[in-house]
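A.B. asks: Give me a model of this one.
(one chain, ligands or ions: 1)
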Amino acid sequence: MYKRSEVPHDAAKTPTPVASPEGRLGVLIPGMGAVATTFIGGVLAIRRGLGKPIGALSQMGTLSMDRAPSEGDRLIRDVVPLARLDDLVFGGWDIFDDDMYAAAVHAGVLAQPTLDGIRSDLQAIRPMPAVFDRRYVNRLDGPHTKSGRTKMDLADQVRRDIQAFKAANGLARMVMIWCGSTESYSQPGPVHQTISSFEAGLKADDPGIAPSMIYAYAAILEGLPFVNGAPNLTEEVPALQAMAQQHEVPLSGKDFKTGQTMIKTVLAPAFRARLLGVAGWFSTNILGNRDGEVLDDPQALKAKEISKLGALEHILQPELFPDLYADLHHSVKINYYPPRGDNKEGWDNIDIFGWLGYPMQVKINFLCRDSILAAPLVLDVALFIDLAARSGWHGLQDWLSFYYKSPVTPAGVLVEHDLFKQRERLNARLNQAAQAAVRNAEMYAHHKTRRLSK
Ligand SMILES: NC(=O)c1ccc[n+]([C@@H]2O[C@H](COP(=O)([O-])OP(=O)(O)OC[C@H]3O[C@@H](n4cnc5c(N)ncnc54)[C@H](O)[C@@H]3O)[C@@H](O)[C@H]2O)c1
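C.D. replies: Numbering: from 1, shown residues only. All right, here's what the predicted structure looks like:
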């Protein structure tokens, strides 16, 4: 384990070549509910000029170029070779067979005027039958599922789906992004440890193998980068990490950092920077969408609450500042409350203390829209994990920690939760890709001049 000061900087000194994003990019999504339909519908609406990609770094964010600081900040999409929105093709799996228009209406996030403008495009996207196991999502059941003799058989079916989707849409590349329901809390067991134990488990229908792991297994074997937007165990499974290295596939997760945790990872570094003490942080939410219904089950809730609890300790470092943070009481609650639908409301009460220990309080009331916050993150991670694949970066991509509540990092790399430090890591990698693209262009120009002068 590295000490904080020794955390390796992600950007290597020499830029590796990056393959150009030519051709169409398939975005395959297990779980086509509120987040997925808001993402897909949003991209379709943006393509038609019906809205702007607000919140997406890949579309609106800027980067100051290490190589040419005099040029000032440049739009990321102008200097980093990313797939274009027009080249994205969407597909996926769900346990309900609603097309994306019906699913978006059910999710109740995008308003009718937006949906009217993209109705036929959304109706053309239908989910494939899902790999589903009720033991992992207690509160849901649906008719649109695969059946197979074993979990290996189900994985083979997902692989065939991927191959057929690629051929049918003439795709150059694909990525897979889990936007499915939160699976019940689980921890790695013997079946997850090695590729051979995992494959034996697939053949023997081991109950420790969750549906998300079956999708990830199929994705890796088909060479697709895999992203996990939920607090599932998936990309922490050592067997899947080893497979990703073996097949040179990038992995990233977990649990999109959208609302309350995003604010938490901004405020906590401010308290730490000013050496203000924190006695307690009480966070509660009401949420009424299908995600909230799934989280009403104690095992799913446990997965989410553990994911939400991690950030504070990492940022505040009570071991270094015992007078300020050793007795911190941190509590996170999520309450299913149907009237609110996707419009989550979060409250934070933060008990802080200052000079001579005098107490103060900070109150936050965040009236957010869960999927509106999540959709731009899905777009960014889809484009950035595709960039990783084209750059030859495989295994866990800790430079994408910016997007997650519980970033999963490779062994030896410290987890970073501070949003601004995460952004620095992200910028460093994007700069590396931008420099590689400049070098590619220079080499191309050089060869062209030599050919012309012959
Ligand atoms: N919206 C946010 O701000 C946010 C933030 C972080 C994480 N997340 C996570 O993103 C995920 C999606 O959230 P949502 O609001 O879209 O939920 P949702 O319930 O609207 O959509 C999830 C979809 O997954 C489907 N599904 C469940 N198991 C599946 C399986 N095995 N295969 C295929 N489909 C399956 C469900 O039928 C449903 O349509 C959840 O796990 C949620 O916790 C959301």
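A.B. asks: What is the neighbour count of A279?
C.D. replies: For A279, the number of neighbouring residues by other Cβ atoms under 10 Å comes to 17. The C-beta positions use only the backbone N, C-alpha and C, and glycine is treated the same way.
A.B. asks: What is the neighbour count of A433?
C.D. replies: The number of residues packed near A433 is 25, by other Cβ under 10 Å.
A.B. asks: surely it meets S391?
C.D. replies: Yes. Using Cβ atoms under 8 Å, A433 is in contact with S391, at 5.9 Å.
A.B. asks: where does the stretch 201-350 of the chain dip in pLDDT?
C.D. replies: 307 (pLDDT under 70).
A.B. asks: Apply 90 and report the result again.
C.D. replies: Across the stretch 201-350 of the chain, residues meeting the criterion (pLDDT under 90) sit at 259, 287-314, 332-334, 340-344.
A.B. asks: near the ligand, which residues of it?
C.D. replies: Within the stretch 201-350 of the chain, the positions lying close to the ligand (Cβ under 6 Å from any ligand atom) are 211, 229-230, 255-256, 258, 289-291, 294.
A.B. asks: what is in contact with A433 and S391 at once?
C.D. replies: Counting by Cβ atoms under 8 Å, 6 or more residues apart in numbering, the shared contacts of A433 and S391 are V18.
A.B. asks: circling back to that earlier point, and of the residues of the stretch 201-350 of the chain next to the ligand, the nearest to S196?
C.D. replies: Nearest to S196 among those is P211, at 21.2 Å by Cβ to Cβ.
A.B. asks: How far away from the center of its chain is the longest strand anywhere in the chain?
C.D. replies: When the chain is parsed with DSSP state E, its longest strand is strand 277-287. Put simply, strand 277-287 sits 24 Å off its chain's centre (Cα atoms, centre = their mean, to the nearest Å).
A.B. asks: Quick check: the residue of this structure nearest the ligand.
C.D. replies: G33 (1.9 Å; Cβ to the nearest ligand atom).
A.B. asks: tell me the phi and psi of the nearest residue to that residue once chain neighbours are set aside?
C.D. replies: Nearest-residue entry for G33: R290, 5.7 Å, with adjacent residues in sequence omitted and distances by Cβ to Cβ, 6 or more residues apart in numbering. When read as degrees, to the nearest 10, the backbone of R290 gives phi -60, psi -30.
A.B. asks: Just to check, R290 is in contact with A34?
C.D. replies: Yes. Between R290 and A34 there is a contact under Cβ under 8 Å: 6.7 Å.
A.B. asks: residues shared between the contacts of these two?
C.D. replies: Common contacts of R290 and A34 (Cβ under 8 Å, 6+ apart): A107.
A.B. asks: Check the gap between L276 and A270 for me.
C.D. replies: Distance of L276 to A270, given as Cβ to Cβ, to the nearest Å: 8 Å.
A.B. asks: Which one of the two is surrounded by more residues?
C.D. replies: Taking other Cβ under 10 Å, L276 and A270 do not tie; L276 has more neighbours (16 against 11).
A.B. asks: Return the residues in contact with the more buried one.
C.D. replies: Going by Cβ under 8 Å, 6+ apart, L276 touches 324, 352-354.
A.B. asks: one more time with 10 Å, if that's ok
C.D. replies: L276 makes contact with 270, 324, 350, 352-355, 360, 362, according to Cβ atoms under 10 Å, 6 or more residues apart in numbering.
A.B. asks: and if you look at L50?
C.D. replies: Contacts of L50 (Cβ under 10 Å, 6+ apart): 41-42, 44, 113-114, 116-118.
A.B. asks: give me that answer again for 7 Å
C.D. replies: 114, 117 (Cβ atoms under 7 Å, 6 or more residues apart in numbering).
A.B. asks: burial of the closest residue to V158 other than its chain neighbours, as a residue count?
C.D. replies: In space, and not counting its chain neighbours, V158 is closest to A218: 3.8 Å by Cβ to Cβ, 6+ apart. Neighbour count for A218, taken as other Cβ under 10 Å: 24.
A.B. asks: which secondary structure element contains A218?
C.D. replies: For A218, the host element (DSSP states H and E) is helix 211-221.
A.B. asks: repeat for S331
C.D. replies: strand 329-336.
A.B. asks: First-to-last residue distance for stretch 249-268?
C.D. replies: Stretch 249-268 has an end-to-end distance of 34 Å (criterion: Cα to Cα, to the nearest Å).
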